[in-house]
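>>> below are the sequence and a predicted model; questions follow.
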Protein chains: 2
Amino acid sequence: MISQKWVKLIKSLHTKKYRKAEQLFFVEGEKAVLEVLSSSWTVQALFATTSFLAKHTDRLHTVPLVQQCTEDELVKIGTFSSNDAALAVVAMPHWPEVDLETTPWTLVLDTINDPGNLGSIIRIADWYGIHQIVCSPETADCFNPKVIAAAKGSFLRVQLHYLPLTTVLSQTTLPIYGAYLGGENVHTLPLQQTGGLIVLGNEANGISTATGAFVTRKITIPAFGAAESLNVGIAAAVICDNLLRLSAACAK
Amino acid sequence: MISQKWVKLIKSLHTKKYRKAEQLFFVEGEKAVLEVLSSSWTVQALFATTSFLAKHTDRLHTVPLVQQCTEDELVKIGTFSSNDAALAVVAMPHWPEVDLETTPWTLVLDTINDPGNLGSIIRIADWYGIHQIVCSPETADCFNPKVIAAAKGSFLRVQLHYLPLTTVLSQTTLPIYGAYLGGENVHTLPLQQTGGLIVLGNEANGISTATGAFVTRKITIPAFGAAESLNVGIAAAVICDNLLRLSAACAK
């Protein structure tokens, strides 16, 4: 049984304010919990079913508090509608400062509101080897349980920085690609150099005027049909895929 | 107020069995309802707020039953957590038989379970001008309200056929591209012809052995980072983007 103290703490971690105050967040489900246990991140407490604990005894020796509980208890404290494995309470990492110059590619998110979209973008960034994302302060919190769930284990490999975008963008001389309707066709974009910043805008409003003022190259995914738009996660994937492809060709 | 008869009918349409029996489904939200009203599809009944009705009087003359109701009523009968506009009850379309030979590209879905993924794939297909999807009978139902919501208006422009895949695939001589880990790099794939079939596998298990036996070309999205996989909707978009790009180059 999970103590009332922990139930209360974990429930408070559903909210950004308390995650920030405690500098903690939680990870749910077998695969993600195993990934965080194998990482260098600090797991402060683990609540898991008997079968999870029996299966993974060798992975638990570094965790200060390991407690057996039922699936029902996991569902009550977490956000999953079923969880037959575990929930880990994890300390927020200390990421170094944002570094645009020595990082080949950086994603810039101009107010992505939906946690599912943010999680999906983190997973895509990880696939394409992009390890740094700069988010406007209004973007969804990357330690929101829905973001963590959608990012799969990729939240461990991508660093997020919440900063005023105009300040960050004004400090670089790298190319700043912005996703627009009506920009240059991303299929045939001539690249002069590899690396740069890729700006993606808000789900409803796109890139804001203030952020857009720093974009040096407006790019567009060509449409072959009649759909008005693509979801921002889908657009992120297609743009990263094209820029990394062109970049690999350019580096040759 | 919505009559009990309609409340009961619409609630039954949450379930595939009743959608099939009635040959009806429903569409929620202002944008999608307006798209269906502008289409050639038959709207049998429309339930809408006073403000929606006032704003769109000119669009309603072909609908046999138009009824004013409250936002609360829309939420009660539908699946949205808020709906300040409308819900339309729509007759299922009569799509022609599947036609692989005169259609440039066809998507083939080998048991996509998640309605959100299916809706997302329909929207992507529409963006890339792919108007035909063949689904294994186990794939999520395309008239599921979650599919309709995720597809945005694109469900109006993409025809779905639920058929045993091995039967369909055995009848074509077109190239059959299958998304695998460890196939040919989709960035640099040499295409001999434009058009063909693009097979995407189940979220957890990928393409089944029986379906995979018909794949003539295994293709892969190159990874630049450490993520183990991409969501199937994301993979669909990146693969369509590459095949359509290569196909346009090939056609020149």
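On my side now, so go ahead. Just so we're clear, the structure is a prediction, and the values are computed from it rather than from any experiment. Numbering: from 1, shown residues only, chains lettered A, B, ... in the order given.
>>> could you pull out the helices for chain A?
Counting by DSSP state H, chain A has helices at residues A:4-12, A:16-22, A:30-38, A:50-55, A:71-77, A:115-127, A:145-150, A:165-169, A:209-212, A:232-251.
>>> burial-wise, tell me which of the ones you listed comes out on top.
Highest mean neighbour count among those (mean count of other C-beta atoms under 10 Å in any protein chain shown): helix A:115-127, with a mean of 26. In this view, the C-beta of every residue, glycine as well, is placed from N, C-alpha and C.
>>> residue A:137: neighbour count?
For residue A:137, the number of neighbouring residues by other C-beta atoms under 10 Å in any protein chain shown comes to 9.
>>> give me the distance between the two termini of stretch A:149-160.
Distance between the two ends of stretch A:149-160: 16 Å, counting by C-alpha to C-alpha, to the nearest Å.
>>> correction: stretch A:142-157
Start-to-end, stretch A:142-157 (C-alpha to C-alpha) is 13 Å.
>>> and that stretch, how far out from the chain middle?
Counting by C-alpha atoms, centre = their mean, to the nearest Å, stretch A:142-157 is centred 6 Å from the centre of its parent chain.
>>> quick one: mean pLDDT for it?
For stretch A:142-157, the mean per-residue pLDDT is 97.
>>> and that stretch, does that touch chain B?
Yes: under the criterion of C-beta under 8 Å from any C-beta of the partner chain, chain B is reached by stretch A:142-157 at A:152, A:153, A:154, A:157.
>>> out of those residues, who's the most crowded?
Result: residue A:154 is most packed of those (other C-beta under 10 Å), 24 neighbours.
>>> now that residue. Nearest residue, chain neighbours left out?
Nearest residue to residue A:154 in three dimensions, chain neighbours excluded: residue A:126, at 3.6 Å (C-beta to C-beta, 6 or more residues apart in numbering or on different chains).
>>> show me the contacts for the one you found.
Counting by C-beta atoms under 8 Å, 6 or more residues apart in numbering or on different chains, residue A:126 touches A:151, A:154, A:157, A:158, B:225, B:226, B:227.
>>> quick one: contacts for the spatially most central residue of chain A?
Central residue of chain A (C-alpha atoms, centre = their mean): residue A:122, 3.3 Å from the mean position. If a contact means C-beta under 8 Å, 6+ apart, then residue A:122 has A:133, A:142, A:147, A:150, A:151, A:154, A:155, A:158, A:160 as its contacts.
>>> ignoring the adjacent residues along the chain, who's closest to it?
Per C-beta to C-beta, 6+ apart, closest to residue A:122 is residue A:151, 4.0 Å.
>>> residues near the one you found, how many?
Neighbourhood size, residue A:151 [other C-beta under 10 Å]: 26.
>>> mind showing which ranges of the stretch 101-250 of chain A have poor pLDDT?
Within the stretch 101-250 of chain A, not a single segment meets pLDDT under 70.
>>> around chain B, which positions in it sit nearby?
Proximity of the stretch 101-250 of chain A to chain B, by C-beta under 8 Å from any C-beta, involves residues A:120, A:123-131, A:152-154, A:157, A:187, A:221, A:223-231, A:233-234, A:237-238, A:241-242, A:244-245, A:248.
>>> just confirm residue A:7 contacts residue A:77, I think it does.
Yes: judged on C-beta atoms under 8 Å, residue A:7 makes contact with residue A:77 at a distance of 5.8 Å.
>>> re earlier: ok, of the residues of stretch A:142-157 next to chain B, which one's closest to residue B:46?
residue A:152 (40.7 Å; C-beta to C-beta).
>>> ok, now which ones touch the closest one?
A:31, A:32, A:123, B:227, B:228, B:229 are the contacts of residue A:152 under C-beta under 8 Å, 6+ apart.
>>> contacts only, for the first one.
I take that to be residue A:31. For residue A:31, the contact set (C-beta under 8 Å, 6+ apart) comprises A:152, A:153.
>>> swap in the third one?
Shown in contact with residue A:123 (C-beta under 8 Å, 6+ apart): A:150, A:151, A:152, A:154, B:227, B:230, B:231, B:234.
>>> now the last one: closest residue in space that isn't a chain neighbour?
Leaving aside its sequence neighbours, residue B:234 sits nearest to residue A:237 (C-beta to C-beta, 6+ apart; 4.6 Å).
>>> buried residues in the longest strand seen in chain A?
Assignment by DSSP state E gives strand A:176-185 as the longest strand of chain A. For strand A:176-185, burial by neighbour count (16 or more other C-beta atoms under 10 Å in any protein chain shown) applies to A:176, A:177, A:178, A:179, A:180, A:183.
>>> which one of the residues you listed sits closest to residue A:25?
Comparing the buried residues of strand A:176-185 against residue A:25 with C-beta to C-beta places residue A:179 closest, at 28.7 Å.
>>> distance of that closest one relative to residue A:220?
Per C-beta to C-beta, to the nearest Å, residue A:179 is found 7 Å from residue A:220.
>>> what's next to stretch A:86-98, contact-wise?
With contacts defined as C-beta under 8 Å, 6+ apart, stretch A:86-98 is touched by A:6, A:9-10, A:13, A:19, A:23-30, A:33, A:36-37, A:41-49, A:52, A:63, A:74, A:77-78, A:106, A:132, A:134, A:143, A:159-161, A:163, A:168.
>>> from the middle of its chain, how far away would that stretch be?
In this view, stretch A:86-98 has its centroid 12 Å away from the chain centroid, taken as C-alpha atoms, centre = their mean.
>>> and for stretch A:173-185?
22 Å.
>>> hmm, stretch A:15-29 touching chain B?
No: on the criterion C-beta under 8 Å from any C-beta, stretch A:15-29 is out of touch with chain B, staying 13.5 Å away.
>>> report the rounded mean pLDDT for that stretch.
The model assigns stretch A:15-29 a mean pLDDT of 98.
>>> rewinding a little: so how far is residue A:233 from the residue nearest to residue A:122?
For residue A:151, the distance to residue A:233 - C-beta to C-beta - is 11 Å.
>>> what is in contact with these two at once?
With C-beta under 8 Å, 6+ apart as the test, residue A:151 and residue A:233 both reach residue A:120.
>>> picking up where we left off before, neighbouring strands of the longest strand of chain A in the sheet, and parallel or not?
Its sheet considered, strand A:176-185 pairs with strand A:196-201 (parallel), strand A:217-220 (parallel) by DSSP bridges.
>>> picking that back up, out of the buried residues of strand A:176-185, who's nearest residue B:213?
Using C-beta to C-beta, these come closest to residue B:213 at residue A:179, 39.1 Å.
>>> domains of chain A?
With automatic domain parsing as the criterion, the domains of chain A are listed as A:4-91, A:105-251.
>>> could I get the ones you listed as a markdown table with distance to residue B:203?
Output for those, formatted as a markdown table (distance: least, C-beta to C-beta, whole Å):
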| stretch | distance to residue B:203 |
| --- | --- |
| domain A:4-91 | 13 |
| domain A:105-251 | 12 |
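>>> report the distance from stretch A:62-82 to the chain centre.
Here stretch A:62-82 is found 23 Å from its chain centre; the criterion is C-alpha atoms, centre = their mean.
>>> end-to-end on that stretch?
Stretch A:62-82: ends 26 Å apart by C-alpha to C-alpha.
>>> what about that stretch, average pLDDT?
Taken as a whole, stretch A:62-82 has an average pLDDT of 96.
>>> what lies in contact with that stretch?
A:1-2, A:6-7, A:10-11, A:14, A:26, A:28-29, A:37, A:43-50, A:53, A:60, A:83-88, A:145-146, A:149.
>>> mind doing that once more with 6 Å?
A:2, A:7, A:10, A:28, A:43, A:45-47, A:50, A:53, A:60, A:83-84, A:87, A:145 (C-beta atoms under 6 Å, 6 or more residues apart in numbering or on different chains).
>>> let me know the closest of those to chain B.
The nearest member of the contacts of stretch A:62-82 to chain B, counting by C-beta to the nearest C-beta, is residue A:84 at 15.3 Å.
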